[in-house]
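Engineer: Need a 3D model of the following:
(4 chains)
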Number of protein chains: 2
Amino acid sequence: MVVFNRGMSNADRHGLIAKTVRDSGRATVQELAELTGASEMTIRRDLDTLAAQGVLERVRGGARTLLLRGEEPPFALRAHEAVAAKQRIAAAICALIADGETVVLDSGTTCLEAARLLRERPVTVMPLSLQAIHLLAEPPGPATLVVPGGRPRAAEGALTGPLTLASLAALRFDTAIIGCCGLTAADGLTAYDLDDAAVKKAAITSARRVIAAADGSKLGHTAHAHVGPATLVHTLVTDPTAPTDEITALEAGGTVVRTV
Amino acid sequence: MVVFNRGMSNADRHGLIAKTVRDSGRATVQELAELTGASEMTIRRDLDTLAAQGVLERVRGGARTLLLRGEEPPFALRAHEAVAAKQRIAAAICALIADGETVVLDSGTTCLEAARLLRERPVTVMPLSLQAIHLLAEPPGPATLVVPGGRPRAAEGALTGPLTLASLAALRFDTAIIGCCGLTAADGLTAYDLDDAAVKKAAITSARRVIAAADGSKLGHTAHAHVGPATLVHTLVTDPTAPTDEITALEAGGTVVRTV
DNA sequence: AGCTTTCAAACATGAGTAATGTTCGTTACG
DNA sequence: CGTAACGAACATTACTCATGTTTGAAAGCT
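Structural biologist: Purely as a prediction, here's the structure:
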């Protein structure tokens, strides 16, 4: 039998399933099989995978959403969304980093892309997530890796806790690259998680220069945990979907905004 | 054309090449091609790979050993040697760990096997190598991971330096699992690297109980950097190839020796 | 209990990927 | 200047991964 490629990759289907479940609250295996064109068995395997990642909850006959409130979407999903925009932002950030600098790199998907690029540069990097540590660890590239202590949080592998704060306090960096969960001129820099916010705050304190990475959806959005005022951010790199009034307000506060 | 499987995997061939080069000091591409049954081009690619791992040195027409003195063999090789013995030792060590314990896990191949087993246990583990961190990071197993700070050393990913020492000094553990480079009753516990030795020393200081993992080749052997006297080791787990006189001497010093 | 739906293990298939071999032009060494 | 070694490009093979199908077991409903 000839099985033609239906133009939907593994990741595409996972994203579609997750979106469907998130939007309607729940979905049956049959519905999802019909929607994606895949067999029910494949849908079941997908649901098991997504459930293991904490994207949704498996129930008999289908799946249910776990995101009853407007919480942070799971890492496994964000990692595949707006990849091109994240890569552009990451590239613009790395262009701002000079050879030989010492850099502290925040957790998050955009910062992970930055890690990929920094690996090829003669810089010293201390990443605040396990994912970025893995990325920077293997090849004998020119970059020097410094590992902070800490306890990894969730699938993202964001390092938090006293050990992380102590590692940051013991060092000074030329630049901190901070990933945002929310950023407004009024409410400042915010994160979803209290521990994360404390780490971001410490990273900013340990660095002479602060570069924030935030795609357009983060601008004008405020999360729960407060990190600090927007004026802490020296340079913001964002994309063209960012609301212009927010950009204007941030620039009025002294932040340099680069749109890529 | 039918190409029959010659029963030699990629890793097998690499191991054979490395052994040949190590034993005779050098080898030509032709010799190695004839020995392994692979083409010269494949041998060249292998030699490039092994040279990149620091296993040997590439010279025109073949390769030369780098191990002119009795230095530590490269990690990439040790990882594939005596795997069964290491696994038995690791299993015996894990059997000594109770549920709920906090454990600091040294770098090295045997400890990496222990990490694989500890992942499935409800314990808190702080591994001192990137490899073990990777291993313990991905699955949402029952084990809790704590990451120490530090700078990774070589391919092994052993964490060393002030951040590592500070992380160890800030915490206390029930058990330290220490991998040996050398252990004798007379010279005590020794390591190949000075920084490594300092980390081992700190790990031992931070733990109530010290378990040493050492296959038979390490017993009676002394490396350059001194970690501490053999009496620091409460329990030694080794294999039947260990020299009996050394075991007797260690037991006389108060160390409990388990042979598996 | 009996029926239906859902599930998961086992096997088969097909596509994409990594490994290997061959050829040929280039480079290094004597 | 000649010979051996090298490495890039391509062809082929082996392997791995995702998917589909089948089948028997388990879970839920009446």
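
Engineer: for chain A, longest helix please?
Structural biologist: helix A:10-24 (DSSP state H).

Engineer: Need the mean per-residue confidence for that one.
Structural biologist: For helix A:10-24, mean pLDDT rounds to 87.

Engineer: which secondary structure elements does it contact?
Structural biologist: If you count contacts as 3 or more Cβ pairs under 8 Å, 6 or more residues apart in numbering or on different chains; DSSP states H and E, helix A:10-24 packs onto strand A:26-28, helix A:29-36, helix A:40-52, strand A:56-59, strand A:62-65, helix A:75-78. C-beta here means a position set from N, CA and C on the backbone, and glycine is covered the same way.

Engineer: Off-centre distance for the second one?
Structural biologist: From the chain centre to the centre of helix A:29-36 is a distance of 29 Å (Cα atoms, centre = their mean, to the nearest Å).

Engineer: anything in that helix near DNA strand D?
Structural biologist: No: figure legend: helix A:29-36 not in contact with DNA strand D (Cβ under 7 Å from any atom of the strand); closest approach 7.9 Å.

Engineer: now that helix against helix A:10-24, angle please.
Structural biologist: Relative orientation of helix A:29-36 and helix A:10-24, computed by axes from the mean of the first three to the mean of the last three Cα atoms, to 10 degrees: 120 degrees.

Engineer: Just the CA coordinates for helix A:29-36, please, in PDB.
Structural biologist: This file holds the C-alpha atoms of helix A:29-36, laid out as PDB (Å, rounded to 0.1, in the frame of the first residue of the first chain):
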ATOM      1  CA  VAL A  29      -9.300   9.800  20.000                       C
ATOM      2  CA  GLN A  30     -11.700   9.500  17.100                       C
ATOM      3  CA  GLU A  31     -12.100  13.200  16.700                       C
ATOM      4  CA  LEU A  32      -8.300  13.700  16.700                       C
ATOM      5  CA  ALA A  33      -7.700  10.900  14.300                       C
ATOM      6  CA  GLU A  34     -10.300  12.400  11.900                       C
ATOM      7  CA  LEU A  35      -8.800  15.900  12.400                       C
ATOM      8  CA  THR A  36      -5.200  14.900  11.700                       C
END
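
Engineer: List the buried residues for the longest helix of chain A?
Structural biologist: Within helix A:10-24, the residues that count as buried by 16 or more other Cβ atoms under 10 Å in any protein chain shown are A:13-15, A:17-18, A:20-22.

Engineer: would you list the helices and strands packed on helix A:10-24 in CSV and tack on mean neighbour count?
Structural biologist: Listed next are the helices and strands packed on helix A:10-24 as CSV, based on neighbours: other Cβ atoms under 10 Å in any protein chain shown:
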stretch, mean neighbour count
strand A:26-28, 18
helix A:29-36, 16
helix A:40-52, 17
strand A:56-59, 16
strand A:62-65, 19
helix A:75-78, 19
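
Engineer: which stretch in these is the model least sure about?
Structural biologist: Of all the helices and strands packed on helix A:10-24, helix A:75-78 has the smallest average pLDDT, which comes to a mean of 70.

Engineer: in chain A, which helix or strand is least confident?
Structural biologist: helix A:75-78 (a mean of 70; mean pLDDT, DSSP states H and E).

Engineer: so after it, what's the next helix or strand?
Structural biologist: Next helix or strand after helix A:75-78 toward the C-terminus (DSSP states H and E): helix A:83-95.

Engineer: Enumerate the residues of the stretch 151-260 of chain A near chain B.
Structural biologist: A:151-152, A:157, A:159, A:162-163, A:166-167, A:170 (Cβ under 8 Å from any Cβ of the partner chain).
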